[in-house]
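In: Return atomic coordinates for the entry below.
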Amino acid sequence: MFKKSKANARFLSPLNGFKEEVQPIEYRKDTLTDTWSRVNVNRAKRAKQARREEPHAELIKLSKENCSFCTKNIEKATPKFLPEISKKGRIKRGETVVFPNLFPFAEYHATATITKKHYQDIGEFTEVQIRDTIHASIDFFKRIEALGAKYFSLSWNHLPPSGASIIHPHVQLIGDEEPTYMTNTYLNASKKYYKKNHENYWLRLVTEEEKLGERFIGRIGNTAWISSFAPMGNNEVSMVYEGGPSILDLKSKDVSDISKGIRRILKGYASIGKTVFNLTTYSGPKDMEHFCLNAKIITRPSTQKYYTADAGFMETLHGERIVENMPESLAAELRRLF
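Out: Numbers count the residues shown, from 1 in each chain. Sure thing, here's the model as predicted:
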């Protein structure tokens with residue numbers, strides 16, 4: 001089920017007096033989509049000319065002054081839903097406030113704050129904060145489902161290198177009549193696999209990974225957490241929900257279990273010095289036997305004064321991911337938290 005090949009790159013390195021250096025490369029094929037990833041752990045050592053400068057002082061202080069998501073500004077600075085979605089204008093649960101995105105890129109596009117604090121370190125998010133955010137997001141999805149939305153995604157960009165334009169922790173909620181490109185890819189490939197093998201790919205994936213144990217991190221209720229065999233990004237963790245294909249299938253306990261898992265993964269990232277991440281979900285229509293709701297979390301470069309992106313031409317133009325850590329090593333590090 002897991003296809004990979006190996007090669008060695010050889011050259012005379014200026015770092016050791018121009019002696020021959022050999023760096024192992026692994027080519028890994030995603031078993032569902034047939035896309036490829038390339039792994040070279042030595043790339044983590046390469047020099048980056050951008051000056052490192054953590055944001056935890058000046059950037060946070062400056063961004064807090066007029067933050068529209070902070071408690072003192074949120075009521076007057078964020079949009080309100082039309083009455084057909086919320087008669088109160090916004091959806092609230094715990095510290096979470098859900099409101100329309102001011103600059104949407106979908107017919108139904110909302111933003112949900114996670115905490116009242118303007119800034120929280122990656123390892124400081126609580127299970128309650130994450131749980132309330134997911135519950136409030138599902139509330140929004142159910143309301144727009146009645147208006148025709150069929151495909152839903154919850155995505156979290158944490159800090160500017162992940163694509164976040166606002167420091168204050170928040171998630172993006174999208175509802176559309178059609179799936180995103182990657183969701184559609186997963187849905188079609190899952191259907192093709194089901195027709196050929198007469199089984200759900202995602203359930204088989206969990207079974208095989210748990211049996212092998214190399215990349216399997218842990219299980220919480222109906223959720224399985226795995227370090228992806230062919231990652232789309234660095235330190236990638238996949239979550240598979242075995243209880244259904246849609247985020248709307250999640251019951252209260254499932255939301256709690258997912259919240260526990262996310263919190264543990266974020267604490268694990270913090271323990272290995274990672275501060276920035278992306279998270280997204282892939283949700284299909286209800287009653288789809290060949291698909292399971294799943295999610296991916298990846299780390300991004302730390303915030304710097306001069307930022308160097310970790311996605312280059314191979315990722316953006318050739319569709320092949322270049323990563324610098326072994327999934328098996330990541331799983332070993334995170335497994336202790338489960």
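In: okay, and the helix or strand of this protein with the least pLDDT?
Out: Using mean pLDDT, DSSP states H and E, the weakest-scoring helix or strand in the chain turns out to be helix 313-316, at a mean of 62.
In: got the contact list for whichever helix or strand comes after that helix?
Out: On the C-terminal side of helix 313-316, the closest following helix or strand by DSSP states H and E is strand 321-323. With C-beta atoms under 8 Å, 6 or more residues apart in numbering as the test, strand 321-323 has contacts from 35-40, 43, 230-234, 236, 312, 314-315. For glycine as for every other residue, the C-beta is placed from the backbone atoms N, C-alpha and C.
In: quick one: strands adjacent to strand 321-323?
Out: strand 36-39 (parallel) (DSSP bridges).
In: avg pLDDT for the partner strand?
Out: For strand 36-39, mean pLDDT rounds to 90.
In: List the buried residues in the helix or strand just after it.
Out: Moving toward the C-terminus from strand 36-39, the next helix or strand (DSSP H and E) is helix 58-64. Burial within helix 58-64, assessed by neighbour count using 16 or more other C-beta atoms under 10 Å, is assigned to 59, 63.
In: Let me know the average pLDDT across helix 58-64.
Out: 83.
In: and if you look at stretch 116-124?
Out: The model assigns stretch 116-124 a mean pLDDT of 95.
In: Kindly check the end-to-end length of that stretch for me.
Out: 13 Å (C-alpha to C-alpha, to the nearest Å).
In: List of residues touching it?
Out: 56, 60, 63-64, 67, 69-71, 95, 114, 158, 167-169, 266-267, 269-271, 274-277.
In: repeat for stretch 133-144
Out: Residues from elsewhere that reach stretch 133-144 (C-beta under 8 Å, 6+ apart): 85-86, 91-94, 96, 98, 108, 110, 112-114, 149, 152, 154, 171, 173, 175, 247-248, 250, 252, 255, 258-259.
In: cool, stretch 254-261 as well?
Out: So stretch 254-261 is contacted by 127-128, 130-131, 134-135, 138, 218, 220-223, 225, 239, 241, 243, 250, 295, 338 (C-beta under 8 Å, 6+ apart).
In: Among those residues, which are located in strands?
Out: 218, 220, 223, 225, 239, 241, 295 (DSSP state E).
In: What values do phi and psi take at residue 108?
Out: phi -120, psi 100 (degrees, to the nearest 10).
In: Helix, strand, or coil at the nearest residue to it once chain neighbours are set aside?
Out: The shortest distance from residue 108 to any non-neighbouring residue, by C-beta to C-beta, 6 or more residues apart in numbering, is to residue 175 (3.6 Å). Assigned state for residue 175: strand (three-state reduction, DSSP: H, G, I helix; E, B strand; the rest coil).
In: Residue 20: neighbouring residues, count only.
Out: Applying other C-beta atoms under 10 Å, we find 9 residues neighbouring residue 20.
In: quick one: pLDDT of it?
Out: 93.
In: Same question for residue 293.
Out: pLDDT at residue 293 comes out at 98.
In: Next: residue 130.
Out: Reported pLDDT for residue 130: 98.
In: And residue 50, by the same measure?
Out: 48.
In: Over to residue 42?
Out: 84.
In: Now the most centrally placed residue in the chain: closest residue in space that isn't a chain neighbour?
Out: The centroid of the chain falls nearest to residue 279 when counting by C-alpha atoms, centre = their mean (1.8 Å). Residue nearest to residue 279 in three dimensions, not counting chain neighbours: residue 156, with 4.1 Å by C-beta to C-beta, 6+ apart.
In: and the one you found, how many neighbours does it have?
Out: Residues near residue 156, counting by other C-beta under 10 Å: 24.
In: Now do the same for the helix or strand harbouring it: mean pLDDT, whole number.
Out: Using DSSP H and E, residue 156 sits within strand 151-158. Across strand 151-158, pLDDT averages out at 94.
In: what's that strand in contact with?
Out: Against strand 151-158 from outside (C-beta under 8 Å, 6+ apart): 114, 122, 134, 137, 141, 145, 163-164, 169-180, 183, 246-248, 276-285.
In: From those, list the buried ones, please.
Out: Here, 16+ other C-beta under 10 Å leaves 114, 122, 134, 137, 141, 145, 164, 169-176, 179-180, 183, 246-247, 276-284 buried among the contacts of strand 151-158.
In: so of those, which ones are in helices?
Out: 134, 137, 141, 145, 183 (DSSP state H).
In: I'd like these laid out as a markdown table, including distance to residue 205 and pLDDT.
Out: Below are those laid out as a markdown table (distance: C-beta to C-beta, whole Å; pLDDT from 0 to 100):
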| residue | distance to residue 205 | pLDDT |
| --- | --- | --- |
| 134 | 23 | 98 |
| 137 | 25 | 98 |
| 141 | 25 | 98 |
| 145 | 27 | 97 |
| 183 | 17 | 94 |
